[in-house]
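Chemist: this one's sequence-less:
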Ligand code: HEC
């Protein structure tokens with residue numbers, strides 16, 4: 001064996017071990033469908049809108065809060081076909097899921113009302129209530145939702 005090959009060998013072995021280890025790790029990841037559930041897009045928008053509200057609160061820009069809060073209260077829904085899938089999966093828990101969404105709607109509506117009155121403290125209280133209800137639904141359903149719709153298909 002010439003010198004070049006000799007010196008290349010360990011690197012080649014190292015590379016192939018590293019690559020196969022990498023492939024094994026990649027393979028162990030849950031299979032992700034290329035197409036995310038529409039609910040994820042709805043949630044991302046909710047996250048962005050809530051973030052925009054915190055910015056507006058910091059600037060005491062109540063007019064902007066009054067504009068953003070109804071977008072949170074009346075957020076988009078996944079298409080009917082996906083809603084059926086989710087409701088079917090939820091079964092008896094469907095009313096709890098819907099209830100959490102309704103509480104978000106109520107709290108965000110209160111936030112809009114407080115913002116129209118330029119009542120900063122009430123805006124902040126309603127914001128907190130909104131976020132608490134986001135969290136309540138996530139704590140009950142988010143993990144199992146991801147398991148069901150992303151890791152099992
Ligand atoms: C009725 C239940 C429910 C309510 C209420 C809810 N969420 Fe979610 N949220 C979910 C579920 C389920 C997921 C997981 C969806 C997924 O990963 O596809 C999720 C995921 C998210 C994500 C992560 C999206 C991503 O890209 O992984 C964000 C951000 C989010 N929600 C924001 C919010 C905010 C902000 C609110 C309140 C204004 C809210 N959610 C209220 C059920 C809810």
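Modeler: Looks like it arrived, so ask away. From a predicted model like this one, the values you see are computed outputs, not experimental measurements. Numbers count the residues shown, from 1 in each chain.
Chemist: need the pLDDT of the nearest residue to residue 78 once chain neighbours are set aside.
Modeler: Using CB to CB, 6 or more residues apart in numbering and skipping residues adjacent in sequence, the residue nearest residue 78 is residue 38, 3.8 Å away. For every residue, glycine as well, the C-beta is placed using N, CA and C. pLDDT for residue 38: 98.
Chemist: return the set of buried residues in stretch 119-135.
Modeler: By 16 or more other CB atoms under 10 Å, the buried positions in stretch 119-135 come out as 123, 126-127, 129-130, 133-134.
Chemist: got phi/psi on residue 101?
Modeler: Backbone torsions for residue 101, taken as degrees, to the nearest 10, come to phi -60, psi -40.
Chemist: and the gap between the closest residue to it other than its chain neighbours and residue 62?
Modeler: In space, and not counting its chain neighbours, residue 101 is closest to residue 137: 7.0 Å by CB to CB, 6+ apart. In this view, residue 137 and residue 62 are 27 Å apart by CB to CB, to the nearest Å.
Chemist: thinking again about what came up before, where does the residue nearest to residue 101 land in three-state SS?
Modeler: Following DSSP: H, G, I helix; E, B strand; the rest coil, we place residue 137 in the helix state.
Chemist: report how many residues lie close to it.
Modeler: The local packing of residue 137 (other CB atoms under 10 Å) involves 19 other residues.
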